[in-house]
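Asker: Return atomic coordinates for the entry below.
(chains A and B)
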Amino acid sequence: MERLKSRIDPRSDGFVANAAANLAGVEKLHELLAKARAGGGERAVKRHVSRGKLLPRQRVDLLLDRDSAFLEIGALAGCHEGGVVPGGSIVAGLGTVSGTLCSIIASDSTVQGGAITAHGLKRTARLGEIGWDNRLAEVHLIESAGADLPNQAEIFVPGGAGFRHIAQRSAAGLPTLSLVFGSCTAGGAYVPGMSDYTVMVADQAYMYLAGPPLVKMATGEVVGDEALGGAAMHSRVSGVSDWMASSEADAVRLGRQVVAQLGRVPALPPTGAGDPPLHDPEELLGVASADVRVPFDPREVLARVVDGSRFLEFKPDYGSTLITGWAEIGGYRVGVLTNQGVLYGASAEKGAQFIQLCNQSRTPLLFLQNITGFMVGRAVEEAGIIKAGAKLINAVSNSTVPAITLMIGGSYGAGNYAMSGRAYRPRFLFAWPNHRIAVMGPEQLAGVLDIVRRGAAARRGVEVDEEQLQTMKSMLAGKVEHESTAWASSGRLWDDGVIDPRDTRAVLAMALRAVHHAPVEGAASYGTFRH
Amino acid sequence: MIRTLLVANRAEIAHRIFRTCRALGLSTVAVFSDADSALPFVAAADRAVRIGPGPAAESYLDPARVLAAAERSGADAIHPGYGFLSENADFAEAVVRAGLVWVGPPPAAIRAMGDKAAARRVAEDLGIPVVPGFDGSQDDDALAAAAAQLGFPVLIKAVAGGGGRGMRQVGDADEFEAALASARREARGAFGSDDVILERVVSQPRHVEVQVLADQHGAVLHLGERDCSVQRRHQKVIEEAPSGAVDPALRATLGEAACRVARAVGYVGAGTVEFLVDDVGAFFFLEMNTRLQVEHPVTEQVTGLDLVALQLLVADGEPLGLTQDEVRIDGWAIEARVVAEDSLRDYLPAAGSLVRVDLPGSEGIRVDAGFATGDEVSPHYDGLLAKIIATGPDRKTATRRLLRAVEQAWVPGIPTNLPLLRQALGHDHWASGRVTTAFLADAGLPVAPLTNLARGALAATCLGVAQRRSHTDAVPAGFRLGGPAEQADTWRCGAEEVVVRWTPTADGLRAVVGEMEHNVALGALDGDVLQVEVDGVRQSWRLAWVRARPGHTSVDDGDTVYAHLGDGEAFVQLVPRFPAQADAVVPGTCTAATPGKVVWVSVAVGDAVKAGQLLVVLEAMKMEHRVTAPQDGMVAEVRIAPGDQVGQGDLLVRVADAP
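Answerer: Below is the predicted model of the structure:
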């Protein structure tokens, strides 16, 4: 296979400027992740630790195999809102337990006592989706005060889906484990209640539909925590719990043993471990344009991500604003689609053909998005660019091989859809810090506003208030600029996480490992293609 | 003419003899016991015959079985090696009677020299000095009186002895009775005879032995001497040729004396006449070994002769074709015996599985080994694993080569004397050349080698990282979005533990071991060998990994890693992250420490007992194991009766607090 060559000059002004700006983006990412790791703050953490309890990340680390990777999903959930600890008061991601890749969700009881928040709920649901699509075992590490009551309106109705999810998982042969470390009240009790396997920590875990105060209020019965829903009662009397663990570590040990006996054979790379790229991944910071309006060659990205920098480009001389071709990442084969400029009719049709080929050969897809949209204008409309775009969207929509999308720059307009944006349900979607996403760029939006306003004024025969129009335009541009950052996108869970560009290979290899836990099947049929 | 040679022996010496046979174009036959069926010497022979179970008495020491094997395999000659049947005159006779060639001296010569007392008289008759001693009455009191007359310290030696067995040095009269009983017991067990002789202990003695060769045509010559002064418990550890204590004049005198002894008994073949040489150059005849010696290679190295080939030549009736003048001693050779034993625990023999046998050769190094990686060392036989022989133009060069070879040698899995060999060869006393039989004691050897816990733990951590890196290359260890998670592994060696905190780096890892921080660049892991650069220093480590449970693809909980770090060894065990659930031990329970048979039960339910009181006697491996009360109280339960067979850990008796 061809080796990708690099043409960049690491001493050029552009490279240096990109590297500086992207590094600042990575620092911002680290700041936000540090905030998430700090949980409910020093005092809450101290209080938690003083009770002899492990912190949620310590529990996860202990659950994971020695030096297993842990790929957090939605780590920045809620980060775009002021005053919110990023992460939705849970720790959630993928990691290896007893040799089996699992999705893992741990409550962070240092944040509002581990209360279930709207962001946490969305994040849990997203992880559930990943677990479902990729057929992963799911492990809950629970210690939760229950619903975030002041915000109950945002939680109550969607919250119910979690229990349905666990029941459907069980029916589909996807095991769910709950390790209960603290109290688990009312709705919360149904997570372990619905799980296939439940472990409770003695003298520390409690489960009941209503705690002692509520029971007293409702029926007058006076009963203590331990008798009402302690680990001993549930393990020996009610049978709600399957094992009683003597300590937190013991609960984790039991959880690991349960996962070990599930017999879920880990999916190893079909072609081996994969050799590293020939070009230095460190240079990705200088390759990616910090300003999404400045185009860059995505082959320079591939040269720093894929195994041995090997890439077999498909149709290199046709529809060249969409680059397609095959590569391997960590030994996993992928079919890559990535942008070099706006989509034309030819590039869209090439993309549709390539997706069909990957479905035929059961090759997972990797979209690297840096797209401002489809070309506009009379010539392309006459050539039927809508037909061509429809073909690509048809192929993306009906493709059944797993797709992974990585945002390496802009993502605007219908380009987002055609390149397997969030609405097209790629198995994973990650973004670099320089990523911008919106229906269109802030300048374009302001320009459209300008045209519309002037047209309206002209129809009414009045003068345009230039000062007012300028203010409106800059306000709109500012608002859109703010809403279209990677941070805002990730905070809303439009993506699964912002990643350091230098970690791209590791993250994609993890994601590819996950997707191979479900059978990779090609599409049998597509919608009607308009020719 | 000998066509097919059966070697009635095992391990390294069988290999050694087969090697010469191959060179001479002879077919080879091995005999092996059930315990040895997987050893390499069996596969090295053209044919191999199973001759019985592990215990030597039922296999290698049984003349009938060996002869039957010769018949079944069509062998026309038998080489006995050393030990086992090599000095058994009856067996030699039976071999000859069976029409086979006996590669050894005539039975009469074996008999003449086999009786230590008779051998002394032969030497005395020839006017060769012997150590003052007593070879008269076997009556205990007469022996005690003779000992007092000779003066303490005195040496008790089994008449039929060899290899240091049945030998005791007695410091004063009070110890004599017990030492005599113990020597007799050991001699009876090993040789079937408990007759002993006494010898005065020579001051600052060196053990010097002369290799002799005789053919059937009357030629007798000597191949110079070997110095075997480095001994532990009267067993040789390091041997060299020539001896630093022997000048050409003394060599000629000793050689002539040795040849006279050989002639006197009509000796044919290879034999060794042992002398003690004291600090002023006086010498005393000790005994003659009528076989090939373990340490024969040092003589081969300095004379350029193949002793096994010469044995076969003589056995075939050919003349030696060599004169005394043609025998030249050239250079210096030193042999180190690598033995499975715990040198620090009173040289306790060790048995078990050899995780690795790595005995690298190089310029001037000869390795005669009997074991390879994965072999089992059986408790039935002596623990000699291999001999490493270094040759050089002078003693200093040979020493340097041998020291490097034993430093590079790596035989992890069971205790060996490699640490002792390294200490001895690196010791000033050895370098000075003034080495007597008291060398190890005088030098205070062996000492416990450094455990190297910290370095072993670092090496084992690196092995785990290297193993995992090879199959999860694209996803670094401990990957997290915000940078790698620090890993903490706890390693144990004996009672000591150390934590290695580490994070992966682009080319390896950064590790904190105890207080020390190290940057390690990992090179390729090629088999056992891991190339590393620790804080800028390149090294090559050999690492063997033993899984606690099957299924792991990299080092995990409970696994053991053995490390050869270039300048030291270590082994460490990865402490499980989750402590095993301790079995609930009911206080007062007595369990069987070993599988065995119950021979005696002294208590019944309801009996009052005192802590330490004998409750049960088990018999296992012909040894009695006493089970005593763990506490004062009353016997609450007795689960066994005399005659019962019990497994390890079985509950025998439970003692409850008295009501």
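
Asker: how close does residue B:329 sit to chain A?
Answerer: 58 Å (CB to the nearest CB, to the nearest Å). Every residue, glycine included, has its C-beta placed from N, CA and C.

Asker: Same question for residue B:183.
Answerer: 55 Å.

Asker: Need phi/psi at the one residue in chain A that gets nearest to chain B.
Answerer: Chain A approaches chain B most closely through residue A:330 (3.1 Å), counting by CB to the nearest CB. Per-residue torsions, residue A:330: phi 60, psi 30 (degrees, to the nearest 10).

Asker: can you count the residues close to it?
Answerer: 26 (other CB atoms under 10 Å in any protein chain shown).

Asker: same question, the one 5 residues further on
Answerer: The local packing of residue A:335 (other CB under 10 Å) involves 23 other residues.

Asker: hang on, isn't it packed against residue A:328?
Answerer: No. Using CB atoms under 8 Å, residue A:335 is not in contact with residue A:328; the gap is 10.8 Å.

Asker: near chain A, which residues of chain B show up?
Answerer: B:464-465, B:468, B:470-483, B:485, B:487, B:489, B:504, B:556-557, B:577-578 (CB under 8 Å from any CB of the partner chain).

Asker: Okay, now the sheet partners of the helix or strand hosting residue B:341, with direction.
Answerer: Residue B:341 is part of strand B:341-342 when elements are defined by DSSP states H and E. Applying DSSP bridges, strand B:341-342 is found paired with strand B:348-349 (antiparallel).

Asker: which residues touch the partner strand?
Answerer: Contact with strand B:348-349 is made by B:340, B:341, B:342, B:379, B:382, B:383, B:415, as judged by CB atoms under 8 Å, 6 or more residues apart in numbering or on different chains.

Asker: Relative to chain A, how far out is residue B:567?
Answerer: Distance, residue B:567 to chain A, by CB to the nearest CB: 29 Å.

Asker: tally of neighbours for that residue?
Answerer: Residue B:567: 10 neighbours (other CB under 10 Å).

Asker: phi, psi of it?
Answerer: phi -120, psi 30.

Asker: any idea how far the longest strand along chain B is from the chain center?
Answerer: Counting residues, the longest strand in chain B under DSSP state E turns out to be strand B:220-232. Centre-to-centre, strand B:220-232 and its host chain are 20 Å apart (CA atoms, centre = their mean, to the nearest Å).

Asker: Can you work out which other helices and strands pack against that strand?
Answerer: Contact analysis of strand B:220-232 by 3 or more CB pairs under 8 Å, 6 or more residues apart in numbering or on different chains; DSSP states H and E lists strand B:206-214, strand B:235-241, helix B:248-264, helix B:296-303, helix B:439-443 as its packing neighbours.

Asker: Let me have the ones you listed in JSON lines, extended by mean neighbour count.
Answerer: Shown next, in JSON lines, are the helices and strands packed on strand B:220-232 (neighbours: other CB atoms under 10 Å in any protein chain shown):
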{"stretch": "strand B:206-214", "mean neighbour count": "25"}
{"stretch": "strand B:235-241", "mean neighbour count": "26"}
{"stretch": "helix B:248-264", "mean neighbour count": "18"}
{"stretch": "helix B:296-303", "mean neighbour count": "25"}
{"stretch": "helix B:439-443", "mean neighbour count": "17"}
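
Asker: Which of these comes out lowest on mean pLDDT?
Answerer: Per-stretch mean pLDDT for the helices and strands packed on strand B:220-232 is lowest at helix B:439-443 (a mean of 91).

Asker: Dump it to PDB, restricted to CA.
Answerer: Extracted in PDB, the C-alpha atoms of helix B:439-443 (Å, rounded to 0.1, in the frame of the first residue of the first chain):
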ATOM      1  CA  PHE B 439      38.500 -21.900  51.900                       C
ATOM      2  CA  LEU B 440      34.800 -21.300  52.100                       C
ATOM      3  CA  ALA B 441      34.700 -21.300  55.900                       C
ATOM      4  CA  ASP B 442      37.800 -19.100  56.100                       C
ATOM      5  CA  ALA B 443      36.300 -16.700  53.600                       C
END
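
Asker: List of residues touching that helix?
Answerer: Contacts of helix B:439-443 (CB under 8 Å, 6+ apart): B:229-232, B:237, B:420, B:423-424, B:427, B:429-430, B:436, B:445-446.

Asker: Confirm residue A:218 sits in a helix?
Answerer: Yes. According to DSSP: H, G, I helix; E, B strand; the rest coil, residue A:218 belongs to a helix.

Asker: Please report the distance of the closest residue to it other than its chain neighbours from residue A:187.
Answerer: Excluding the flanking residues, the one nearest residue A:218 by CB to CB, 6 or more residues apart in numbering or on different chains is residue A:210, at 6.6 Å. Relative to residue A:187, residue A:210 is positioned 11 Å away (CB to CB, to the nearest Å).
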